[in-house]
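Quick check, what structure comes out for this input:
(chains A, B and C)
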Amino acid sequence: MRQDPVECVFQFLCSSNNNIKRIEKMVSVLESYGSHLGSAGGFEFYQFPSIERLASIAETELRQAGFGYRAKYVVGTAKALQGKPGGGEKWLSSLRQMELGAVIDALCTLPGVGPKVAACIALFSLDQHHAVPVDTHVWKIATRYLMPELGGMSLTPKLCNRVAEAFVAKYGKYAGWAQNVLFIGELSSQKVPSAVDGTAPHAGKAVKRKRVKKDLPISGGIEEK
DNA sequence: CGACAACCTTCTGA
DNA sequence: ATCAGAAGGTTGT
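Numbering: from 1, shown residues only, chains lettered A, B, ... in the order given. As a prediction, this is how the structure comes out:
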């Protein structure tokens, strides 16, 4: 995707301990702080607001808009970015030249950004294709297929790293994207209670079928190009 | 370093 | 209809 890093940071800031529908709603609230670009196809388009604009928002305003405890993260991260050498925008894109570990560490200095969100930002906007965000779903996948001996344990930061390493060992330099495919398959929105044959859903018809889970849907490394 | 509660709010599954 | 638990975690103790 190579998303714009500023957008990416604030979008994933909204994602912690949250569900997709609400995340989308919150992101659209953030967008509304940017300048209106126009409308097309029934959608309104906005320039994503600048770091300066985001830093100027009152935390209470975001709370009122339904951000919950993430309101202070948005304002806090905007302000923290302003304080980075050369400004937040430049600082973020400079991370593209760094090692993954250093990128994660740097991003984790922002309030509300932990290892998982940092990995998402690194993968989706900072060219770190081997960044593997380990969340509750990926943890389930890992303990089911890759590291069954870890089943039942709680997901500690150290174990996060082991899971990420296991994904890289299996899928190679694009492990982050493999993770993304597996992650989406794990979402409850992609599943249904009955069904059994693993047939792909009909295009256009909202027929959902549950994938039969026997082995990892993706086997072997991802080919280069 | 690991475990654990707290945190806002909405949606889901039983 | 209702309600505990989960939801693309992070932070402080």
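
all helices of chain A, in order?
A:5-13, A:20-31, A:51-55, A:59-64, A:71-82, A:88-94, A:100-107, A:115-125, A:136-141, A:157-171, A:175-186 (DSSP state H).

Which residue, other than its chain neighbours, is closest to A:Ala166?
A:Leu146 (4.9 Å; C-beta to C-beta, 6 or more residues apart in numbering). Every residue, glycine included, has its C-beta placed from N, CA and C.

now do A:Ser125
Nearest to A:Ser125 is A:Cys8, by C-beta to C-beta, 6+ apart, at 3.8 Å.

got a list of what that neighbour touches?
A:120-121, A:124-125 (C-beta atoms under 8 Å, 6 or more residues apart in numbering).

how about 7 Å then?
Contacts for A:Cys8 (C-beta atoms under 7 Å, 6 or more residues apart in numbering) come out as A:121, A:124-125.

what does A:Val6 give?
Applying C-beta under 7 Å, 6+ apart, the residues contacting A:Val6 are A:48, A:51, A:88-89, A:92.

and the residue in chain A positioned nearest to DNA strand C, how many neighbours does it have?
Nearest residue of chain A to DNA strand C: A:Gly114, at 2.4 Å (C-beta to the nearest atom of the strand). Per other C-beta atoms under 10 Å, the neighbour tally for A:Gly114 reads 14.

between the contacts of A:Cys8, which is nearest A:Phe183?
A:Phe124 (12.2 Å; C-beta to C-beta).

Around DNA strand C, pick out the residues from chain A.
A:12, A:15-20, A:69, A:108, A:110-118, A:120, A:124, A:133, A:135-137, A:183, A:187-188 (C-beta under 7 Å from any atom of the strand).

Which of these are buried, as a ChimeraX select command?
Under the burial definition 16 or more other C-beta atoms under 10 Å, those of the residues of chain A next to DNA strand C that qualify are selected in ChimeraX by:
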select /A:12,15,16,110,112,113,115,116,117,118,120,124,133,135,137,183
